[in-house]
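> no FASTA, just this:
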């Protein structure tokens, strides 16, 4: 198959070669435009920005005048609601056509705009200072920026300034591959560029071009250090052309300063802050409290991390429940611990029996026991280890498929011996009759965990010969009992999840007497985040730390849904090709692999796959030992705190110095 694909690629060319070839004519146009402006003065170079803005404005002037006229008509006295709605629907249609027309204009002026930014970068690199006629924008900017000074009627721009606390001297000019990357980003695609190829500089090209439309450009980064650094680092290139730039992470949420940051031509910030500002706007009571404007164009840095890895993680604004904490976590956890302990012993026996059955060749019986153990405790370490052996996991899947057919009609045979059943795929847990009996053996009320049939009991009350007052009292008592037991069963389910599906130092850690969530993608602690629906309180009860008050969700959105709101979305990263299918399926984003400016000399080795975790970890330790003896430091990335600590313990045997930094 590999030989066939290689042959097809040679005959017809691969997708990425075709992508680059389609952009080559645009790069030639950029060079032609650049040749025209090399000899013009600094003031003439700045005037190019005004000329380009005028071209865009003229292309949509009739539509904007029509929108202005329609808005005036909609606000006239005496106009009915239906007519007003029709007018605003018409305005929406025209605004969409304005966006389309602006995009056409941007494509037309792209070569000239890119040439302007390339020449600006060249002049900043080759000249310690650049002297131009001072504008009002320059005078306002000079009051706050050290790299700009005003001398009479002239503004003096230096090519050195502070970025992220360090003084930098501009020394970059766009290579052709960076021009290609800029075109890709402007086209609303993802540019995959290797580390060190200058993605930050690449972004200046489409950012400048799209900022000319005056509708705002958002450049999104994964952390506030990068957001602040990039805004300070690239800012003077844009400000030289009279474009305003700001970073939302420099200002407090809901402040006037943050609102002004969104009104800037170019706005930098972190993905979470953009998302949370949107949620806060949705909770605002007055239009003047809104900070964001319409979502026009965004470039997402590390786009695979933001739009794939973290895409479905919800951003949540929550607050305390007015009634306070009414959960019975501490009261019920002791009964729950006994229940989990009994099930754990039972599952251990079931796994042991399954091993014997495999040895005796009774694969069907072994599969039955495996499925029982899996539905009893799917994260049991003995079960996970056994499933890594040849043929065991496939037998489990075969058995599970058999019992799930006909809407799991026969699954009760697997579950009847368990005290509770865990459906890991759907993240649900259900107490069985056997489990309820175990938990109520020491309780006089045998219906402690049994929900009343409210409908049937109310029907009986209606038939009973009671006064209206007594009926109302009985109904109130019945509903109160239903609410208490409903909350009790919910608490038990959350405690079961805490004890069986959430493991300390894997999904969460306990620090400073608090339960803190660990990001499954990065291994970092997610400060301020809490599991919802009482799960966090259940874990706090399990770990014997203070149970914080329950919270309720006020507003929530996923990053996936937030970034879909932009008229044009693009991104850049060093690793997008492997997720190209997902990017297209979810966002309709195409991935273009940009070649490096120079040939790669790094030796990228193949991945190594091991049969068991033990073999894998031993190989990691051996590799660390080899590199350490060669005098080379090494950074080892893991998926959890537990694995980091395990490698640290194993390294002592060598001995090696391995320090976990999670």
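On my side now, so go ahead. Note that the structure is a prediction, hence the values are computed from the model and not measured.

> alpha carbons only for contacts and neighbour counts from here, please
Will do.

> Can you give me the neighbour number for the closest residue to residue 398 other than its chain neighbours?
Closest residue to residue 398 apart from its sequence neighbours, by C-alpha to C-alpha, 6 or more residues apart in numbering: residue 367 at 7.9 Å. When counting by other C-alpha atoms under 10 Å, one arrives at 24 neighbours for residue 367.

> Test my guess that residue 367 contacts residue 391.
No - between residue 367 and residue 391 there is no contact under C-alpha atoms under 8 Å: 10.5 Å.

> residue furthest from the geometric center of the chain?
Centroid-distance maximum for the chain: residue 465 at 60.4 Å, with C-alpha atoms, centre = their mean.

> element containing that residue?
Counting by DSSP states H and E, no helix or strand carries residue 465.

> Per-residue pLDDT of it, please?
As predicted, residue 465 sits at a pLDDT of 77.

> any idea of the mean pLDDT in the longest helix anywhere in the chain?
Criterion DSSP state H: the longest helix present in the chain is helix 81-126. On average, the pLDDT along helix 81-126 is 95.

> right, and the helix or strand after that helix?
Following helix 81-126 in sequence, per DSSP H and E, is strand 129-133.

> quick one, that next one and helix 81-126 angle?
Calculated by axes from the mean of the first three to the mean of the last three C-alpha atoms, to 10 degrees, strand 129-133 forms an angle of 130 degrees with helix 81-126.

> now for strand 129-133, which elements pack on it?
Packing partners of strand 129-133 (3 or more C-alpha pairs under 8 Å, 6 or more residues apart in numbering; DSSP states H and E): helix 42-59, strand 154-158.

> All the helices of the stretch 101-250 of the chain, residue numbers only.
136-142, 176-186, 199-211, 224-239 (DSSP state H, counting those that start in this stretch).

> Most tightly packed of the ones you listed?
helix 176-186 (a mean of 24; mean count of other C-alpha atoms under 10 Å).

> can you list contacts of it?
20, 23-24, 27, 114, 190-191, 193, 197-199, 201-206, 210, 299, 570-572, 592, 594-597 (C-alpha atoms under 8 Å, 6 or more residues apart in numbering).

> Buried subset of the residues you listed, written for PyMOL?
To isolate the buried members of the contacts of helix 176-186 in PyMOL, using 16 or more other C-alpha atoms under 10 Å:
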select buried, resi 20+27+114+190+191+193+197+198+199+201+202+203+204+205+206+210+299+570+571+572+592+594+595
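
> Residue 530: neighbour count?
17.

> element containing the closest residue to it other than its chain neighbours?
Nearest residue to residue 530, sequence neighbours excluded (C-alpha to C-alpha, 6+ apart): residue 536, at 6.1 Å. Here residue 536, judged by DSSP H and E, is contained in helix 535-542.

> by contact count, what packs against that helix?
When contacts are defined as 3+ C-alpha pairs under 8 Å, 6+ apart, helix 535-542 packs onto helix 329-359, helix 468-500, strand 514-517.

> Quick one: closest of the helices of the stretch 101-250 of the chain to residue 404.
helix 176-186 (46.9 Å; C-alpha to C-alpha).

> so residue 431 touches residue 422, yeah?
No - applying C-alpha under 8 Å, one finds residue 431 not in contact with residue 422, separated by 9.0 Å.

> Counting neighbours, go ahead and name the busier of the two.
More crowded of residue 431 and residue 422, by other C-alpha under 10 Å: residue 422, with 23 against 18.

> so the more buried one sits in a strand?
Yes - per DSSP: H, G, I helix; E, B strand; the rest coil, residue 422 lies within a strand segment.

> Am I right that it is in contact with residue 432?
No - shown here, residue 422 and residue 432 do not form a contact pair, counting by C-alpha under 8 Å, at 10.6 Å.

> Show me where the stretch 251-400 of the chain has its helices.
Counting by DSSP H, counting those that start in this stretch, the segments of the stretch 251-400 of the chain that form helices are 256-263, 271-283, 303-304, 329-359, 363-376, 381-387, 392-408.
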